[in-house]
Each structure stands twice: as structure tokens, then as C-alpha cells.
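A.B. asks: sequence unknown, structure follows:
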């Protein structure tokens, strides 16, 4: 699968990560499948990080997700993945990320270095093993 | 009752694309069991190894989280909907400290690691930053310290106070013929730093004890236990629990080995598995029972592997699992270990809050061993020559030990068979028993005395002393 998202949405994720720094930001990516193996992100749904005990953890509560899914269904969209920031850490999944990953979803991680949003990478859970594999990320810039 | 289970998008590949599955059952648990039985691929994503729901899997019966109801025992009604809702969690690794950088030479040295995404540059830098303590530089300590050194672990501490002996070299591959007679610490350090000059070896030439264990272990991230005795094993366990350190455990005997990771913060500890030590003398050591030399190579390598996984955070560690290895059958088995809520050190109400006297705990020195009359080797030789057949010499070792070397004219009655074979012996005869080094022989004496044999003695120091002082041409082991 490929994750495709417009440049402006990637900027929005970076800004979210910068605003949350030094804590982590998190949110869902809503979109649709185009039928050719591409997940197309249409809009973001920033979430409330329910973990307040540790700045290096995030948690989206199931009640929040249920509400969001109902809202998206009405718009003809679904959750195709989630994003979160890694403050002062590379955009690669941690053991904790892998342990909590669900199949199929895209996990987009953006590195926020000293308060500045930098590179992003998308990951998906391997079909067989508890491992995250990089996923092609297509960023559409407006011409 | 027929219930609709609503499947979230990420799991639909396991239900043939269906977003809902209709199943029958009386309770939530039965419905879920039915779902897993028909769609087995879901199991890995929904359940833990122990059969409980993973903690970030939420089940809603209609609109209520089942945790607010009777959990999986909640009864269901016709037409109910059960919805699987993920919690989405993650976060960057907690290690906030700056990891050391790799030099160009190190990048080249570790290139096969760097090619693995599970290790990569970050994992290799974690290895370089890691501080690992190995208890013992013997059978298990050899392979594990060699592999940890080769893998690029930055600092390895070693606790040992022994010297290299010829009988070690059948399995203790960190040492060599050229280092015979040297302290094991010196011998190991030379070999390990030859393998990897980037390595920092910290030597602790001491016996680990309740007095020094906390101070030594505190300075390390992970402890790898390569000891061969129960007091030290309990000591290492307790110190690791008190200091919140993972303890990578391995043990070997003859053709069998065990390995696990005891980490009370995340799973059971050694005491959860073995709350009490065996009675002293019941479990023979490798020096008494023998060990196949390659066995510590396998178990020690598993310990090195688990240590590396703990450092880089990859894969599933042996926390909560005990691996049993049988070399003759070439079979691995796995036991699930549970944390014991009543464990005296890591349970809910711990009674051990500091290190104790482990020798006494393991019964060593508490009960005086049977002490019967002994005869020294030179005296026995003289008596054998004088008395001939009037003196009965009994070898209580095993037949394969007998084959290595035995005293001419002796009779073989292995210790285990002795109680059943007393009838073969003349109650009035003068008897001398012997074993390898004198321990089993003393037990034989105790049996004979108990059965009424009056004129019995044991050869002090066993056949080893005989070979050393009477018959220098005899093979020793």
C-alpha cells in the first residue's frame, strides 16, 4: 500500500507536533481507498492525547475513536491510519509503537527536533511478524 | 444467542473482507472464542499469549465497554452487537540520553548488523551504550561474553575469582591452553579485547556476595547469570529485583539446559519459578555430573541473544517464558511462567526487602554433612598390598566414570544402587568406599553405617587423590 497525502496536511501534522512539543501529538488520518492500493488522506482529525503521565507516549481513547468513526462514516470517509510526533527522536517506530500497532493502518511519524517539525515517514505492521515496515509515502504538492 | 461482531477496518483482511460476522454464544467470551476459531489470524492481534485480551483491544457490547460489565463473562442477548475498538497508542523510546556515535571503523565492523532494520544504526549505538554484567567467566560466561563483545556491547563487567584449569577448556572457549593457570578474568579480558578492541571490560575479581552484589550490579543495565550454584542464583535474582534490572538466566547440566529472562518489572522472577532451593547435594553440579561441552555454547548463546534483544528492543524476549533444551533429543520446549502474587520478593506483599544469607537459605552449612572415618590414599595403598582380598574396596561412582579409571581390585556399586545391593556385602568385612573426590563416598558410608556395617572407611579425596599421590600414571578427570 501507499499512503498519499497533500503537502498542506503534512504541514498541518508538523505544526501539530511543534505545538505539542516537548510532548507528543497524535491524531487520525481520514480518507478513502482509491482501489489501486493507495490510501488517500482527505483530512486530519487531531486527537486528544490521553496519556498525560509521560511526554513520550500517546494514547487515543476508544470512545474518542468511536465518535470519530461515526462522524467520518457520515462523510463517506474512514480512518486509514494515525500520525504522531517523536520529539527529538528519528521518525522510526519505537518498540512501544510496534507492540501497539494494528495491521493495515498507516502509522505516520514526524520527527520534531528542538521544537521544529522535520521529516516524516509512514510505517505499517508486517503481515507475519511484530515488525514495522516502511510504507511508500507520496506527498502531493500544489502546483 | 446470535450476535453480530463488528470488525474494524484493520482486521478485515482476517475475515475475508467482511465488516461484520454473525456468531452464536451465551457470553461475550464464547462469542469471541467462536470468532477466533473461525478466523484464526485474528488471534495474534486480539489476544495475549496467556489467552486474555490485549490491553489495547476494547470490546463494546452495544454501547458499553465490557470492562464496565462482567468482562468476557457478560451474557449476550439475541441481536446484540459486539464491536472491536482499538486503542491507538505508541510513542518514542524512553531513552532520553544521547547515544554514542559510531566511528567509520565501527560502521564497517558492524555492517551486517546495520543491514538489519531491527538493529540499524540506532540499535548498534544502543549496544555501544549498553553496560552488561556477566556473573562467571566459565561455561556459560564464555560464549555469551564472546558474542556480546563481538556484537559491540560497549561495556562488559565480569565477576569471577577462579583460575583457568585444564578441565575448563572442554567448554570454556573464552580461555585457551596458553592461559592455563591465569586468573579467568585476565584470560577472558585478553581474548575479548582481541576480538573487539572497542570493548571496555570491567573486572570484578571477587565472589559475588550479599555484601557486594548491590554495589556491583547497580552500575549495569542488564545482568547475565552464568553461575553454577543455587546460593549465587538466588542472590543474583534478589539483587536484580531490588534494583529493577533484567536478569538473563541460563543453566546447564549434562545434556540439558534452561534459559529465561527474569525481570520483575515486567514478569516473573526466579523465585516465582523456584520459591525454594533444592536440598543441598540433591542436584549435582557439572563438576560432579558432567556436562556436554557444546551445551553451554547453546544456552550461553541464547543468553547473549536475549541480552541483545533487551538492549535494542527487538522481538519477543523470554520474559515470562522458560526454554528447556534437550541436546540428545535436540528438542526445545517452552513453559509459560507466571508472576507469583505471593512471591516473597516481587509479589504483592514482599517479605524480602534486602539481601539475605544465601548459603544458609540454600541449607549449605546449616546441617552438618555426615562425617565418617577416612583413610588417606597412601595408607590405603599399603593396606591393599598387605591385606589383599580381606579388604573390600567399593567404587560408588557411575560405570562410565569407572571406565575412565579405577583402583585395581575394587568392586563397582554405584551409589544409587547401594541400598539395594547391601546383601552382596559381608557385614563383618573391612570396607573402604571411594568416589571421584570424596563426597558421594561419604554418603555411601552413611548408608553402610546405617545398615549396621561397622568396619567402613572412605578414601579421602577419592580416586583423584589416589591418582595424584599413589598411581601417577592413572587418568584424571
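C.D. replies: Arrived safely. What you are looking at is a predicted structure, and each value in this text was computed from that prediction instead of being measured.
A.B. asks: so where's the stretch 201-350 of chain B uncertain?
C.D. replies: B:279-286 (pLDDT under 70).
A.B. asks: Enumerate the residues of it near chain A.
C.D. replies: For the stretch 201-350 of chain B, the contact set with chain A under CB under 8 Å from any CB of the partner chain comprises B:313-316. C-beta coordinates here come from the backbone N, C-alpha and C atoms, glycine included.
A.B. asks: could you redo the last one with a cut-off of 10 Å?
C.D. replies: B:309, B:312-316 (CB under 10 Å from any CB of the partner chain).
A.B. asks: Just to be sure, which of these are found in helices?
C.D. replies: Of these, the ones assigned to helices by DSSP state H are B:309, B:312.
A.B. asks: Now find how far off-centre the helix or strand containing residue B:441 is within its chain.
C.D. replies: Assigned by DSSP states H and E, residue B:441 falls within helix B:439-450. Computed by CA atoms, centre = their mean, to the nearest Å, the chain-centroid distance of helix B:439-450 equals 31 Å.
A.B. asks: Give me the buried positions along that helix.
C.D. replies: B:440-448 (16 or more other CB atoms under 10 Å in any protein chain shown).
A.B. asks: ok, now stretch B:189-199?
C.D. replies: B:189-192, B:196, B:198-199.
A.B. asks: how far out from the middle of the chain is that stretch?
C.D. replies: For stretch B:189-199, the distance to the chain centre is 26 Å (CA atoms, centre = their mean).
A.B. asks: List the contacts of it.
C.D. replies: With contacts defined as CB atoms under 10 Å, 6 or more residues apart in numbering or on different chains, stretch B:189-199 is touched by B:102-103, B:105-106, B:109-110, B:128, B:137, B:142, B:145-156, B:158, B:173-176, B:178-179, B:182-183, B:200-203.
A.B. asks: List the residues that contact residue 90.
C.D. replies: Answering for chain A, as no chain was given. Residues in contact with residue A:90 (CB under 10 Å, 6+ apart) are A:109, A:111, A:113, A:118-119, A:121, B:92-93, B:120-122.
A.B. asks: Can you look at chain B instead?
C.D. replies: Counted by CB under 10 Å, 6+ apart, residue B:90 has contacts A:24, A:26, A:51, A:56-60, A:82, A:84, A:86, A:93-101, A:107, A:109, B:56.
A.B. asks: mind running it again at 8 Å?
C.D. replies: Contact analysis of residue B:90 by CB atoms under 8 Å, 6 or more residues apart in numbering or on different chains lists A:26, A:57-58, A:84, A:93-94, A:96-97, A:100-101, A:107.
A.B. asks: Name the nearest residue to it, sequence neighbours excluded.
C.D. replies: residue A:97 (3.8 Å; CB to CB, 6 or more residues apart in numbering or on different chains).
A.B. asks: Residue B:177 touches residue B:169, doesn't it?
C.D. replies: Yes. Using CB atoms under 8 Å, residue B:177 makes contact with residue B:169 at a distance of 6.6 Å.
A.B. asks: of the two, who's got more company?
C.D. replies: residue B:169 (16 against 8; other CB atoms under 10 Å in any protein chain shown).
A.B. asks: do you know how far that one is from chain A?
C.D. replies: 39 Å (CB to the nearest CB, to the nearest Å).
A.B. asks: who touches that residue in this structure?
C.D. replies: With contact taken as CB under 8 Å, 6+ apart, residue B:169 is in contact with B:175-177, B:180.
A.B. asks: Just send the contacts of residue B:90 back as CSV, with pLDDT too.
C.D. replies: Shown next, in CSV, are those (pLDDT from 0 to 100):
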residue, pLDDT
A:26, 91
A:57, 82
A:58, 85
A:84, 93
A:93, 87
A:94, 83
A:96, 80
A:97, 85
A:100, 85
A:101, 89
A:107, 94
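A.B. asks: Give me the buried subset of those residues.
C.D. replies: Buried, going by 16+ other CB under 10 Å: A:26, A:57-58, A:84, A:93-94, A:96-97, A:100-101, A:107, out of the contacts of residue B:90.
A.B. asks: Would you verify that residue B:148 is located in a helix?
C.D. replies: Yes. The assignment for residue B:148 by DSSP: H, G, I helix; E, B strand; the rest coil puts it in a helix.
A.B. asks: how many neighbours does it have?
C.D. replies: Neighbours of residue B:148 using other CB under 10 Å come to 29.
A.B. asks: Indicate each strand paired with the host helix or strand of residue B:89 and its parallel or antiparallel sense.
C.D. replies: Using DSSP H and E, residue B:89 sits in strand B:88-90. In the sheet, strand B:88-90 lines up against strand A:58-60 (antiparallel) (DSSP bridges).
A.B. asks: who touches the partner strand?
C.D. replies: Contacts of strand A:58-60 (CB under 8 Å, 6+ apart): A:24-28, A:47-51, A:82, A:84, B:87-91.
A.B. asks: again, 10 Å this time
C.D. replies: For strand A:58-60, the external contacting residues (CB under 10 Å, 6+ apart) are A:20, A:23-28, A:45, A:47-53, A:68, A:82-85, A:96-97, A:100, B:56, B:86-92.
A.B. asks: circling back to that earlier point, for PyMOL, write a command that selects the buried ones of the contacts of residue A:90.
C.D. replies: In PyMOL, this line selects whichever of these come out buried by 16+ other CB under 10 Å:
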select buried, (chain A and resi 109+111+121) or (chain B and resi 92+93+120+122)
